[in-house]
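A.B. asks: fold the following and give me the result.
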Amino acid sequence: MDTEKVDKAFDVIRRLRLPDFILPYRELPSDATAAIECLIDVFADADQSGKERIMLNVEASFAFVFPRYARNAAVESVRRNDPDLLKRGLIALTIENAKVDWRDTLPYLAFVYNSALRLNVDAVELFRNAASIACPQFRRLLESYLNRDGAPRTLESFHYKESGEGASFTYVYVEPPSRLPSGTEWKTRMFFRRLRRFFGR
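C.D. replies: Coordinates of the predicted model:
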């Protein structure tokens with residue numbers, strides 16, 4: 001494994017911070033994208049110890065760049081009709097290895113999965129191939145995602161939807177509607193409120 005190439009790639013992305021990319025929404029800079037693609041190439045060809053070394057270099061402060069790359073890969077795969085980008089997106093997520101919270105990874109898996117369906121790619125095989133080079137923890141996450149029944153794998157279950165076609169295709173967040181409490185919930189709340197008032201006297 002080319003450790004010098006890996007170190008240089010991490011030097012590029014280590015200076016990035018999540019707050020700089022939230023409001024307004026910003027794409028990853030080109031040098032960061034190139035650095036991630038370099039890591040993907042090295043990771044794919046590395047032995048197990050090399051893969052572990054790359055994953056250990058990922059820090060929570062900049063781990064967000066890998067899921068963001070995966071989302072972009074899922075979008076661009078549809079725009080360009082290029083299934084190979086989906087493989088690279090999954091490898092990026094494998095490198096990140098759910099560093100912060102595995103639940104944060106699920107929407108990005110949904111992007112890749114949905115794009116695979118749009119491109120008529122065997123999504124199950126795609127995920128299993130990624131699982132074969134992942135560490136045990138992330139392998140279990142990929143397998144558990146595939147084991148979800150239907151709806152829990154959809155974009156809608158993570159409050160996203162497709163938007164646009166061709167070069168304008170993307171994924172957009174849909175704000176979930178505020179849910180009013182049911183009659184039973186309301187009565188329960190009122191009961192405990194009165195109970196607190198009674199014992200608070």
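
A.B. asks: which strands and helices sit next to the helix or strand hosting residue 140?
C.D. replies: Using DSSP states H and E, residue 140 maps to helix 136-146. Packing partners of helix 136-146 (3 or more Cβ pairs under 8 Å, 6 or more residues apart in numbering; DSSP states H and E): helix 84-96, helix 102-118, helix 123-132. (C-beta placed from N, C-alpha, C; glycine too.)

A.B. asks: these into TSV, with extra columns for mean neighbour count?
C.D. replies: As requested, the helices and strands packed on helix 136-146 are arranged in TSV below (neighbours: other Cβ atoms under 10 Å):
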stretch	mean neighbour count
helix 84-96	24
helix 102-118	20
helix 123-132	16
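
A.B. asks: for these, could you give me a markdown table that also reports mean pLDDT and distance to residue 148?
C.D. replies: As requested, those are exported to a markdown table (pLDDT from 0 to 100; distance: least, Cβ to Cβ, whole Å):
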| stretch | mean pLDDT | distance to residue 148 |
| --- | --- | --- |
| helix 84-96 | 97 | 16 |
| helix 102-118 | 94 | 9 |
| helix 123-132 | 94 | 11 |
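
A.B. asks: can you redo those as a markdown table with distance to residue 47?
C.D. replies: A markdown table is the format used below for these (distance: least, Cβ to Cβ, whole Å):
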| stretch | distance to residue 47 |
| --- | --- |
| helix 84-96 | 15 |
| helix 102-118 | 24 |
| helix 123-132 | 14 |
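
A.B. asks: so which of those gets nearest residue 160?
C.D. replies: The closest of those to residue 160 is helix 102-118. By Cβ to Cβ, the value is 6.4 Å.

A.B. asks: tell me the angle the closest one makes with helix 84-96.
C.D. replies: If you take axes from the mean of the first three to the mean of the last three Cα atoms, to 10 degrees, helix 102-118 sits at 170 degrees to helix 84-96.

A.B. asks: tell me where this structure has helices.
C.D. replies: 3-14, 30-45, 48-56, 65-80, 84-96, 102-118, 123-132, 136-146, 183-200 (DSSP state H).
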